[in-house]
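[1] sequence plus predicted model, see below.
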Amino acid sequence: MGVVYTNTGIGNSLDLTYDDVLENVQNIQMRNNLKRSENLAGMNFTVEMETGTGKTYVYLKSIYELNKKYGFTKFVIVVPSVAIREGVYKTLQITKEHFNSIFSNEPANYFVYDSNKLDQVRSFATSNTIEIMIINIDAFRKSFDDPTKENQSNIIHRPQDKLNGQKPIDLIKETNPIVIIDEPQSVGTTDKSKEAIKSLNPLCTLRYCATHVDEYNGV
């Protein structure tokens, strides 16, 4: 359940229809007195949490819950800065034993995306256990469409000999990851950032923030 085998590895699979998901979201909204959604807005979901109330812990636990209940294994956490990226990585280290005790030592691998360690991207794509990639928006915001401007693009958008000529972004896209955006008001407000997030081919996007600029489906 929740898994599909692709040409390059293993990805997330959603069996519910669009209408099923919309109905579920509307039921959640009614229970929590939230504005009713009339469409799913590209499967974007808003989780509003005040600053200092533990949103990093909440979305990390959500990863384990989504795996336990639905079998999803591929997750990408997008952050606005190096400082927040390192903070999320540190929190994963600190909470590992805690989540192991709650979720029966479910194997989980997590790493910070590094363009010098593309073997981690290959492992992310091929693993059948929980995989969590933490990536700074600046690491994949510059796309590569024009070969004459290759030096202006992020490495993630360029074919790599280490990956048999594949682009790292294509390996990630094949997994249909659940994308978690930390501080979306700082990450996904510009057209270029929105395009970059869309390039990940997310199954859905969970947006955790206290002050949302773009409001999507509140859950």
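    Looks like it arrived, so ask away.
[2] when you work out contacts or count neighbours from here on, use the C-alpha atoms and nothing else.
    Will do.
[3] show me where this protein has its helices.
    18-31, 55-70, 82-102, 119-126, 168-174, 184-187, 191-198 (DSSP state H).
[4] pick out the shakiest of the ones you listed, pLDDT-wise.
    Per-stretch mean pLDDT for those is lowest at helix 184-187 (a mean of 79).
[5] what's the offset of that helix from the middle of its chain?
    Centroid separation for helix 184-187 versus its chain: 14 Å, with C-alpha atoms, centre = their mean, to the nearest Å.
[6] swap in stretch 84-91?
    On C-alpha atoms, centre = their mean, the centre of stretch 84-91 falls 15 Å from the chain's centre.
[7] let's have the chain start at 369 instead
    Okay, residue one is now 369; in that scheme the one you just asked about reads as stretch 452-459.
[8] I'd assumed Ser561 was in contact with Arg509.
    Yes: using C-alpha atoms under 8 Å, Arg509 is in contact with Ser561, at 6.0 Å.
[9] ok, residues contacting stretch 462-470?
    Stretch 462-470 has contacts (C-alpha atoms under 8 Å, 6 or more residues apart in numbering) with Lys429, Tyr432, Asn473, Glu474.
[10] what about stretch 397-406, start to end distance?
    Counting by C-alpha to C-alpha, to the nearest Å, you get 11 Å between the two ends of stretch 397-406.
[11] what's it in contact with?
    With C-alpha under 8 Å, 6+ apart as the test, stretch 397-406 has contacts from Leu390, Val393, Gln394, Asn585, Gly586, Val587.
[12] among these, which one has the most neighbours?
    Asn585 (24 neighbours; other C-alpha atoms under 10 Å).
[13] okay, and the beta partners of that one?
    Beta bridges link Asn585 to Phe413, judged by DSSP bridges.
[14] quick revisit: between the helices of the chain, which one is closest to Leu574.
    helix 423-438 (8.7 Å; C-alpha to C-alpha).
[15] taking helix 450-470 as reference, get the angle to the closest one.
    50 degrees (axes from the mean of the first three to the mean of the last three C-alpha atoms, to 10 degrees).
[16] sorry, back to before: and which of the contacts of stretch 397-406 is nearest to Thr421?
    Using C-alpha to C-alpha, the contacts of stretch 397-406 come closest to Thr421 at Val587, 16.5 Å.
[17] Tyr478 contacts Ile500, doesn't it?
    Yes: the pair Tyr478 and Ile500 passes the contact test of C-alpha under 8 Å, sitting 4.5 Å apart.
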